[in-house]
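**Student:** next comes the sequence, and after it the predicted model I'd like to discuss.
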Amino acid sequence: MLGSHLNLIAPISPSLSRLSCLHPSSSVPAADLLKAASRKLIFATKTHSVSTKTHSVSTMATEEENVGNVKRQLAKLFEVSLRTIVPDEPEVEPVVVACAGKFGDYQCNNAMGLWSKIKGKGTDFKGPPSVGQAIMKNLPKSEIIESCSVAGPGFVNVVLSKKWIAKSIQKMLIDGIEKWAPQLQIKRAVVDFSSPNIAKEMHVGHLRSTIIGDTLARTLEFSNVEVLRRNHVGDWGTQFGMLIEFLFEKFPNVEEVSETAIGDLQAFYKASKQRFDDDPAFKERAQQAVVRLQGGEPKYRNAWLKICEISRKEFHRVYERLGVHLEEKGESFYNPYIPGVLKELSDLGLIEESQGARVIFLEGFNIPLIVVKSDGGYNYASTDLTALWYRLNEEKADWIIYVTDVGQQQHFDMFFKAAKRAGWLPTDDTLKPKVTHVGFGLVLGEDGKRFRTRSSEVVRLVDLLDEAKDRSKTALLERGKAEEWTEKELDQTAEAVGYSAVKYADLKNNRLTNYTFDFDQMLNDKGNTAVYLLYAHARICSIIRKSGRNIEELKKTGEIVLDHMGERELGLHLLQFSENVEETCTNLLPNVLCEYLYNLSEVFTKKFYSNCQVVGSPEETSRLLLCEATAIVMRKCFNLLGIEPVYKI
């Protein structure tokens with residue numbers, strides 16, 4: 001199965017001049033090497049403790065695709081050096097990582113790996129340190145780099161130019177943060193997320209899929225990918241016979257059915273299920289109702305449409321509160337395509353008869369993939385295979401991402417493998433089109449078990465959001481905000497903070513792990529919480545307001561200077577925004593972006609603001625611009641995480 005990785009298009013560095021002469025043995029002109037580097041560039045991304053391996057990321061670059069990604073720009077320079085010192089090893093790829101050591105800001109770690117490839121081949125190098133020295137000496141000159149050094153077994157440490165850092169941030173302030181967006185090689189992606197079942201209320205179990213899926217869609221969209229946000233709702237299947245038959249009993253005239261008449265849809269579902277389990281005659285009528293629905297009888301189809309419409313309105317209210325946008329293409333949408341898709345698979349010799357069912361046997365699995373049940377009905381596998389066929393052939397997607405719990409991993413592994421056997425997907429996972437299952441763990445209660453109400457019911461998502469808002473409002477009232485703000489301001493801020501707290505508490509965790517739902521912790525205004533981050537952003541906005549300066553005018557006339565270590569550290573962290581967004585996209589891990597955002601807030605507060613007076617200082621203009629740049633980057637991170645910023649506290 002595909003790991004969570006993408007081939008990406010890299011930004012290109014600013015104009016490059018020479019730092020030192022190229023190796024005298026090189027017969028390749030520097031200009032040609034630079035062109036080659038801008039056509040093809042590979043660097044290794046940071047690794048995380050996840051079940052997938054982090055691969056090198058294949059990249060390409062054009063002049064317009066600069067701007068924010070320092071790692072890519074450095075890797076392009078190291079590409080030139082590597083081609084110079086080992087022209088016979090064209091497959092060697094620059095390995096550039098950010099580092100927090102005292103010797104540099106970034107590090108090229110190629111020396112040891114390169115030495116293992118070239119030793120014994122008549123090389124003049126004496127070991128990894130001498131390889132590292134050669135890599136450093138053959139770097140083209142660039143305004144990016146202030147100094148380099150070699151440490152240990154050939155690690156090349158790079159200190160960035162503070163003038164270049166300042167200039168890059170100033171350019172972002174003028175051109176907009178969109179210039180720092182990653183450039184991915186993916187053109188169109190389907191993100192399949194949320195996907196509740198019709199007639200069942202959304203509960204906390206849907207929270208992770210909805211929040212994670214929305215963030216992944218946002219980061220891909222920011223990275224210039226066309227994203228098809230798909231809500232694959234469960235709106236077709238045997239439960240509808242039960243619901244329709246129960247509806248006919250309660251409302252002989254289907255036209256009278258309304259949201260108000262039905263009332264609580266979840267209670268309606270439970271009552272129909274109880275009837276289905278207890279009454280054999282009702283069960284038989286319900287099973288016949290499914291056949292009639294699937295046969296297209298108008299009476300049954302109209303009843304089905306009514307139930308779907310009522311359920312859809314309830315879903316929409318939740319999505320509206322979460323600020324999530326989806327396009328529904330449920331199971332029923334793909335139903336007409338299933339026979340043709342199964343015929344195609346059958347013609348390829350993939351489908352076999354087994355115990356009355358039609359199945360696909362797959363190597364490495366103890367059970368077959370059932371595509372037609374023994375009673376002739378379709379199931380998840382038949383619908384999912386058909387949806388995949390449609391997304392590849394009709395929607396022309398390069399990457400299809402499924403956001404569901406980890407418990408469905410085997411299902412996805414099996415139907416992905418079936419699609420590869422059919423020739424729909426390449427067997428090489430580095431090629432497009434790609435498919436990825438984005439699994440996530442459970443939401444737990446304080447008892448360490450699946451999060452439920454005291455009566456052991458699944459927690460309704462609406463109730464959870466209501467409580468988050470209420471608790472947030474109580475905290476604001478305790479801070480005396482009722483005397484400062486209007487009721488509308490109180491309500492809006494409580495909603496923004498409450499909903500953001502719920503989202504961030506989920507997203508900051510590695511999605512593969514379970515996490516404990518704890519209102520007290522997530523609404524804490526200290527530590528790694530949305531409340532702390534929102535308040536930090538509001539404080540930055542307050543600093544700018546209190547200065548009385550026109551920040552838009554300062555962007556045009558002011559200059560950023562990074563003479564203090566706190567200023568430089570903040571500037572460097574701001575410049576690492578793009579590579580963190582890219583890593584979030586590449587590995588499909590929202591917690592990478594959360595970690596970056598939290599660290600940015602910490603650097604601003606503890607390294608910059610605590611040590612660098614802003615208002616009233618001789619450096620006021622420069623430091624106000626740094627405050628504005630920090631606020632802009634924080635707001636973009638909030639936006640990508642689906643969080644509404646607040647501007648005053």
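**Tutor:** Here it is on my side, so go on. Residues are numbered from 1 along each chain as shown.
**Student:** low-confidence bits of the stretch 151-300 of the chain, can you list those?
**Tutor:** 259-261, 263 (pLDDT under 70).
**Student:** try 80
**Tutor:** Within the stretch 151-300 of the chain, the ranges that satisfy pLDDT under 80 run 205, 252-266.
**Student:** mind listing the helices for it?
**Tutor:** 162-175, 204-222, 239-250, 259-262, 265-278, 280-294, 298-322 (DSSP state H, counting those that start in this stretch).
**Student:** who are the packing partners of the last one?
**Tutor:** In this structure, helix 298-322 packs against helix 204-222, helix 239-250, helix 259-262, helix 265-278, helix 280-294, helix 461-478, helix 487-507, with contacts taken as 3 or more Cβ pairs under 8 Å, 6 or more residues apart in numbering; DSSP states H and E. Where C-beta positions appear, they are placed from N, C-alpha and C, glycine not excepted.
**Student:** give the buried residues for that helix.
**Tutor:** The neighbour-count check on helix 298-322 (16 or more other Cβ atoms under 10 Å) flags 300, 303-304, 306-308, 310-311, 314-315, 318-319, 321-322 as buried.
**Student:** for the spatially most central residue of the chain, give its distance to residue 229.
**Tutor:** Nearest to the mean C-alpha position of the chain, by Cα atoms, centre = their mean, lies residue 216 at 2.7 Å. Residue 216 sits 10 Å away from residue 229 when distances are taken as Cβ to Cβ, to the nearest Å.
**Student:** again with residue 608
**Tutor:** Taking Cβ to Cβ, one finds residue 608 at 37 Å from residue 229.
**Student:** roughly how far out does stretch 359-376 sit from the chain middle?
**Tutor:** 32 Å (Cα atoms, centre = their mean, to the nearest Å).
**Student:** pLDDT below threshold where in the stretch 501-649 of the chain?
**Tutor:** Applying pLDDT under 80 to the stretch 501-649 of the chain picks out residues 649.
**Student:** hey, where'd the strands end up in it?
**Tutor:** For the stretch 501-649 of the chain, the strands defined by DSSP state E, counting those that start in this stretch occupy 515-516.
**Student:** now the helices for it?
**Tutor:** In the stretch 501-649 of the chain, the helices defined using DSSP H, counting those that start in this stretch lie at 519-522, 530-547, 551-557, 565-575, 577-587, 590-602, 620-640.
**Student:** dump those helices to a markdown table, plus mean neighbour count.
**Tutor:** Output for the helices of the stretch 501-649 of the chain, formatted as a markdown table (neighbours: other Cβ atoms under 10 Å):
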| stretch | mean neighbour count |
| --- | --- |
| helix 519-522 | 15 |
| helix 530-547 | 20 |
| helix 551-557 | 12 |
| helix 565-575 | 21 |
| helix 577-587 | 25 |
| helix 590-602 | 21 |
| helix 620-640 | 22 |
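**Student:** can I get the ones you listed in CSV with distance to residue 254?
**Tutor:** Converted to CSV, the helices of the stretch 501-649 of the chain look like this (distance: least, Cβ to Cβ, whole Å):
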stretch, distance to residue 254
helix 519-522, 42
helix 530-547, 45
helix 551-557, 59
helix 565-575, 59
helix 577-587, 46
helix 590-602, 43
helix 620-640, 43
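**Student:** now do residue 504 against residue 487, distance only.
**Tutor:** 26 Å.
**Student:** relative to the whole chain's centre, how far out is the helix or strand hosting residue 344?
**Tutor:** Using DSSP states H and E, residue 344 maps to helix 338-347. How far helix 338-347 lies from its chain's middle: 33 Å, per Cα atoms, centre = their mean.
**Student:** check the separation of the first and last residues in stretch 90-102.
**Tutor:** Separation of the first and last residues of stretch 90-102 by Cα to Cα, to the nearest Å is 32 Å.
**Student:** average pLDDT across that stretch?
**Tutor:** Summarised as a single mean, pLDDT over stretch 90-102 is 86.
**Student:** domain assignment for the protein?
**Tutor:** 70-160, 237-326 (the TED database).
**Student:** now find how far off-centre the shortest one is within its chain.
**Tutor:** Going back to what we said before, that points to domain 237-326. Distance of domain 237-326 from the chain centroid (Cα atoms, centre = their mean) equals 34 Å.
**Student:** and stretch 328-338, by the same measure?
**Tutor:** 26 Å.
**Student:** avg pLDDT for that stretch?
**Tutor:** For stretch 328-338, the mean confidence score works out to 94.
**Student:** buried sites along that stretch?
**Tutor:** Along stretch 328-338, these residues count as buried under the neighbour rule (16+ other Cβ under 10 Å): 328, 329, 330, 331, 332, 333, 334, 335, 337, 338.
**Student:** what's the nearest residue to the first one if we skip its chain neighbours?
**Tutor:** Translated: residue 328. Take residue 328 and drop its neighbours on the chain: the residue closest to it by Cβ to Cβ, 6 or more residues apart in numbering is residue 231, 4.5 Å away.
**Student:** got it, and the last one?
**Tutor:** The shortest distance from residue 338 to any residue other than its chain neighbours is 4.9 Å, reached at residue 386 (Cβ to Cβ, 6+ apart).
**Student:** since that was my last question, I'll sign off now.
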